[in-house]
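# Starting from these lines, generate the structure:
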Amino acid sequence: MTDDWCRWREAAETALYGDEGFYRRPEGPAGHFRTSVHASPLFAAAVARLLAVTAGELGTDTVDLVDVGAGRGELLTGVLAALRDSTTAPGLTVRAYAVELAPRPPGLAPDIEWRADLPHGVRGLLFANEWLDNVPTDIAEADADGVPRYVLVRGTEGAERLGDPVAGEDARWLDRWWPLSRPGDRAEIGRPRDEAWARAVGSLAGGTAVAVDYAHVRASRPPFGTLTGFRGGREVEPVPDGRRDLTSHVALDACAAAAGGVAELLDQRTALRELGIIGERPPLAQASADPAGYVRALASAGEAAELTARGGLGDFGWLRHRVPARGDEGARP
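Numbers count the residues shown, from 1 in each chain. Down below sits the predicted model:
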């Protein structure tokens, strides 16, 4: 981190992924914020069902599972456990890949391949839970004349000032996806996320790619952007000092267009219900007939309710891409 003025994308890249960046810290993301993966094992169970559905669509009992932005491998560990402990997909063989810049955590199952880049030619499910919101973007703000300019930031304190007018591909992205005209309006220029998602979808030789994230669409962009920070379980000011997460909501409609193909946008509430996560309370009669089972079912219903809650995790966006099989290439480096 330095005191030099620079654009937000450069500052966030260093603060999150540099040698002393936030995502290099030993406690990992779970030490600072809670995702659906950490909220309940039901989330991993739902991903396991989606993986089984994907394998069925591909007509195979050997399938790839790629977790992009894998944290410390919590989701992959949960999915593999769910498959072992259920009858969802008996006989399914899973090749698991964790894509993460941080070092491999100790104790991770040896059958999970840990890598810094995407495997290519995989056939199966690529899942990116709260990854795109951490792909750094530049920020634009309309000046007093309504001209979008890059926002510059100074790393150690988070002070900002306006820089040059937005130009080139960034300006074209703003015009199409997040036009600014009123002084003071701000936007996160999502072009790097579009490109990252297009690469992720393009790494599949067949199957389904899913991005799950805080999201918005063109018809309802927030006027002042969404950049914020998280540290120690609390929302804090977004300062690119390497000691906090830096995140902003994702223009998933732009990501969908960039990747092309067959895409579907829905909320987590709908997606999880399709995968059997309903959140209904068990019948009261079960309390006397099977007290222990009733308590377990009640706890499960509470976790499902949290995962699908309006105003909470249930409002997350799910972007699903179907990728037609294009030959039996198998996973390769």
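
# all contacts plus neighbour counts: C-alpha atoms, from now on.
Fine.

# Strand partners (parallel or antiparallel) of the lengthiest strand in the chain?
The longest strand of the chain (DSSP state E) is strand 204-213. Strand 204-213 sits in its sheet next to strand 122-129 (parallel), strand 317-323 (antiparallel), going by DSSP bridges.

# Show the average pLDDT along the longest one.
pLDDT averaged over strand 122-129 equals 97, rounded to a whole number.

# how many other residues sit next to the residue nearest to Ala209 when sequence neighbours are not counted?
Closest residue to Ala209 apart from its sequence neighbours, by C-alpha to C-alpha, 6 or more residues apart in numbering: Leu126 at 4.6 Å. Neighbour count for Leu126, taken as other C-alpha atoms under 10 Å: 26.

# so what's Leu126 bridging to?
Counting by DSSP bridges, Leu126 forms beta bridges with Val66, Ala209.

# what's near enough to touch it?
Leu126 sits next to 65-68, 200-201, 204, 208-210 when contact means C-alpha atoms under 8 Å, 6 or more residues apart in numbering.

# Please write out the alpha-carbon positions of the longest strand of the chain in PDB.
Taking C-alpha atoms only, strand 204-213 is exported to PDB below (Å, rounded to 0.1, in the frame of the first residue of the first chain):
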ATOM      1  CA  LEU A 204     -16.100 -25.200 -19.700                       C
ATOM      2  CA  ALA A 205     -16.300 -27.800 -22.400                       C
ATOM      3  CA  GLY A 206     -19.800 -28.500 -21.300                       C
ATOM      4  CA  GLY A 207     -22.000 -28.100 -18.300                       C
ATOM      5  CA  THR A 208     -23.200 -25.200 -16.200                       C
ATOM      6  CA  ALA A 209     -21.500 -22.100 -14.900                       C
ATOM      7  CA  VAL A 210     -23.100 -20.200 -11.900                       C
ATOM      8  CA  ALA A 211     -22.100 -16.900 -10.400                       C
ATOM      9  CA  VAL A 212     -23.800 -16.000  -7.100                       C
ATOM     10  CA  ASP A 213     -23.400 -12.400  -5.800                       C
END
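
# For that strand, the averaged confidence score.
pLDDT averaged over strand 204-213 gives 97.

# before we move on, what about stretch 64-72?
The average pLDDT within stretch 64-72 is 95.

# Quick one, grab the pLDDT at Asp3.
We have a pLDDT of 71 for Asp3.

# and it, how many residues sit next to it?
Using other C-alpha under 10 Å: Asp3 sits among 12 other residues.

# Thought Ala159 was touching it, still the case?
No: taking C-alpha atoms under 8 Å as the definition, Asp3 is not a contact partner of Ala159, at 9.8 Å.

# could you list every residue that touches Leu319?
Applying C-alpha under 8 Å, 6+ apart, the residues near Leu319 are 210-212, 252, 256, 263-266.
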